[in-house]
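In: Fold the following for me, if possible:
(one chain, ligands or ions: 1)
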Amino acid sequence: MSTLEISHLSKSFGALKVTDDVSLTVPSGELHAIIGPNGAGKTTLISQLSGQLRSDAGRIAMDGRDITGTTMPERVHLGLARSFQITQTLPGFTVLENVALAVQARHGSSFRFWAPVASEAALNDAAMAALKEAGLDHRAEARASALSHGEHRRLELACALATEPRILLLDEPLAGVGGEDADAFVAALRAMKGRFTMMLIEHDMDAVFRLADRVSVLVYGRIIATGTPDEVRSDPAVRTAYLGEEEENAA
Ligand SMILES: Nc1ncnc2c1ncn2[C@@H]1O[C@H](COP(=O)(O)OP(=O)(O)OP(=O)(O)O)[C@@H](O)[C@H]1O
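Out: Now for the predicted structure:
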């Protein structure tokens with residue numbers, strides 16, 4: 001697990017300032033949710049953290065180590081993994097094979113030192129462990145193309161887990177996932193709490209308030225509040241800028 005420190009991070013697209021002087025420290029092991037209206041800059045912030053987008057200003061550090069200038073593969077290697085937007089699963093491969101490939105990618109050539117049979121067994125064991133954690137081990141032999149949308153999301157989660165993250169960035173894991181699948185997903189995330197640091201972007205407020213240790217509210221690229229779910233829910237500025245509107249829409 002690692003501490004994630006974000007200091008004065010900004011990103012503009014042309015004249016549009018999408019993230020604006022964002023500072024936030026996520027302590028080791030915390031599940032921190034970022035909520036905010038559409039277009040607030042949540043995905044952009046996650047892309048800056050994962051290294052897919054270069055920041056215009058600011059600093060990102062893991063356990064005090066400055067990683068601002070590192071590439072996305074370097075960050076993955078350091079244990080900063082992102083799930084749900086860049087994960088590419090292979091539809092013709094089985095669920096287990098997909099995760100085994102992610103395990104292999106994480107360990108690079110180190111598996112080559114093993115005898116081929118032992119190497120395959122070790123890969124499969126590591127892949128099964130990740131699948132179990134994501135609640136998908138019962139589908140290990142299914143082709144990825146045969147999975148439901150919710151199961152597919154759990155496969156992507158298992159692939160992210162296979163990279164042995166110290167910090168996991170989750171970008172709208174519940175988008176398009178409903179009913180029992182959503183419940184299974186929330187249960188899988190809850191079971192992982194405390195094993196590594198997590199930053200979660202999610203529109204499902206029920207899931208956010210059930211899972212998060214702390215929540216930050218992003219509006220027009222700026223954090224307007226950070227606190228426990230109860231603190232954030234009762235913050236007048238948050239209700240005005242965001243939650244009041246959400247609850248009215250839901251009513
Ligand atoms: N590559 C890009 N080029 C230009 N504008 C962009 C780009 N990426 C995002 N934007 C703009 O930046 C703003 C913030 O987008 P972003 O996707 O980060 O918001 P978000 O909070 O994740 O929204 P949502 O909740 O709808 O997913 C939007 O106005 C969007 O149109």
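
In: Tell me how far the one helix or strand N98 maps to lies from the chain's centre.
Out: Assessed by DSSP states H and E, N98 sits inside helix 95-107. From the chain centre to the centre of helix 95-107 is a distance of 18 Å (CA atoms, centre = their mean, to the nearest Å).

In: Any chance you could list what contacts that helix?
Out: 76, 89-90, 93, 111, 123-124, 126-128, 130-131, 136, 139-144, 147, 155, 158-160, 162-164 (CB atoms under 8 Å, 6 or more residues apart in numbering). In this view, the C-beta of every residue, glycine as well, is placed from N, C-alpha and C.

In: Go again with 7 Å.
Out: Outside helix 95-107, the residues that touch it by CB atoms under 7 Å, 6 or more residues apart in numbering are 89-90, 111, 123-124, 126-128, 130-131, 136, 139-142, 144, 155, 158-159, 162-164.

In: Out of those, which sit inside helices?
Out: 123-124, 126-128, 130-131, 155, 158-159, 162 (DSSP state H).

In: So which bits of the host helix or strand of H77 are buried?
Out: Using DSSP H and E, H77 sits within helix 72-78. By 16 or more other CB atoms under 10 Å, the buried positions in helix 72-78 come out as 75-76, 78.

In: So which bits of this protein are right by the ligand?
Out: Residues of the chain lying close to the ligand by CB under 6 Å from any ligand atom are 13, 18, 36, 38-44.

In: from these, which is closest to D183?
Out: K42 (23.4 Å; CB to CB).

In: Now do the SS call for the residue nearest the centre of the chain.
Out: Central residue of the chain (CA atoms, centre = their mean): L170, 1.7 Å from the mean position. Of the three states, L170 takes strand according to DSSP: H, G, I helix; E, B strand; the rest coil.

In: what pLDDT does it get?
Out: pLDDT, L170: 92.

In: quick one: contacts for it?
Out: L170 neighbours (CB under 7 Å, 6+ apart): 83-84, 198-201.

In: now swap in G36 and tell me
Out: Contacts of G36 (CB under 7 Å, 6+ apart): 42, 217-219, 242.

In: partners of T19 in the sheet?
Out: K11 (DSSP bridges).

In: OK, contacts around it?
Out: T19 touches 9-11, 41, 44-45, 48, 221, counting by CB under 7 Å, 6+ apart.
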